[in-house]
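K.L.:
prediction below, plus the sequence it came from.
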Amino acid sequence: MGAHDLTSSKNEETFTGNSETDDKDKNNEYERGEHPNSRANLLPFEKGISGNPLGRPVKYEKLKNVLNKYGDEETHNWNGESKGTRREQVLKGIWSQAIRGDMRYVQLLAKLGCLDED
């Protein structure tokens, strides 16, 4: 058996039955998604009816609920005096950092419109 016998000719088909010399224009007859077979089962939704009636699923719904519960809890300092809720403390902290000149917090408040006069 010679070295020439081991190489395959370009005209021979591969083991899958496909040949690399197929007419490439066969596949380009239709644009992507335009072939009649790919459009046969597609029906538009009736006017006013959504294809996804429940909408996008809410991510982290359980985590959000737990965080909201903890955010509403009142906290106290070491003397037992109320410091407000956790949510209030976070909001006060944002304002406190902005007042100290931290530009990240100033920019956050500006983006949210909290620095605008009513």
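P.N.:
That came in fine, so what should we check first?
K.L.:
and residue 67, how far is that from residue 87?
P.N.:
According to CB to CB, to the nearest Å, residue 67 and residue 87 sit 10 Å apart. (C-beta placed from N, C-alpha, C; glycine too.)
K.L.:
do residue 77 as well
P.N.:
Residue 77 sits 17 Å away from residue 87, going by CB to CB.
K.L.:
the more surrounded of these two?
P.N.:
A direct count of neighbours by other CB atoms under 10 Å for residue 77 and residue 87 places residue 87 higher, at 14 against 8.
K.L.:
so that one is in contact with residue 71, correct?
P.N.:
Yes: when contacts are counted by CB atoms under 8 Å, residue 87 is listed as touching residue 71 (4.1 Å).
K.L.:
check contacts around residue 75.
P.N.:
Counting by CB atoms under 8 Å, 6 or more residues apart in numbering, residue 75 touches 82, 83, 84, 85, 86, 89.
K.L.:
same thing but at 10 Å, please
P.N.:
By CB atoms under 10 Å, 6 or more residues apart in numbering, residue 75 lies in contact with 82, 83, 84, 85, 86, 88, 89.
K.L.:
roughly how far does residue 58 sit from residue 50?
P.N.:
Residue 58 sits 16 Å away from residue 50, going by CB to CB.
K.L.:
what about this structure, any weak spots by pLDDT?
P.N.:
Scanning the chain for pLDDT under 70 picks out the ranges 1-28, 118.
K.L.:
at 50 what do you get?
P.N.:
8, 11 (pLDDT under 50).
K.L.:
tell me which residues in the lengthiest helix in it are buried?
P.N.:
Among the segments of the chain that qualify as a helix by DSSP state H, the longest is helix 86-99. Neighbour-count burial for helix 86-99, counted by 16 or more other CB atoms under 10 Å, picks out 94, 97, 98.
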